[in-house]
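1. Here is a sequence with its predicted model. Questions after.
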Amino acid sequence: MNAWLFTREAVPSRVDPPMFIPFSIFFAYCAGQFWFAYRVRTVLVTRHPEEWLKMSKRFSFSIVPWRFVWCGRHRELGDAVLSRRVVEMRCLTIVAYTSWAAFVIGVFRPY
């Protein structure tokens, strides 16, 4: 095995230290998405159980909050608390996708 393959000259690093900032934001989103989905689910179960039962019968459990958030069905219920939770979850997702795009652009940028 050639030792030169594992030197820094053979494999240049394309990820600068500032690139870990958008990656860290996206990683925090991945961890936080479960908490935000839990908050949306809790409001649905406690305030709108009939809507929750109707949705959970049609979809698998893991995508119920996501479909509810992105389809805009929260407006039909007229619940201010639920609408606020949905907006928070949408904002978090938009920030996460933007940070992931910044990371990918930073990694694949030309020298």
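-> Here it is on my side, so go on. All values derive from a computational prediction rather than experimental measurement.

2. I'd like the average pLDDT over the helix or strand that contains Phe26.
-> Counting by DSSP states H and E, the element that carries Phe26 is helix 20-47. Mean per-residue pLDDT for helix 20-47: 86.

3. Show me what secondary structure element comes after that helix.
-> Heading C-terminal from helix 20-47 (DSSP H and E), you reach helix 49-58.

4. Show me what that next one is in contact with.
-> 41, 44-45, 64, 67-68, 73, 77 (CB atoms under 8 Å, 6 or more residues apart in numbering). C-beta coordinates here come from the backbone N, C-alpha and C atoms, glycine included.

5. Low-confidence regions, the protein specifically.
-> Along the chain, the model assigns pLDDT under 70 to residues 1-17, 58-64, 110-111.

6. how far away is the residue most central in space within it from Ala37?
-> Nearest to the mean C-alpha position of the chain, by CA atoms, centre = their mean, lies Thr93 at 4.4 Å. As defined by CB to CB, to the nearest Å, Thr93 lies at a distance of 11 Å from Ala37.

7. got the angle between the strand or helix carrying the residue nearest to the centre of the chain and helix 49-58?
-> Element membership for Thr93 (DSSP H and E) is helix 80-107. Helix 80-107 runs at 40 degrees relative to helix 49-58, counting by axes from the mean of the first three to the mean of the last three CA atoms, to 10 degrees.
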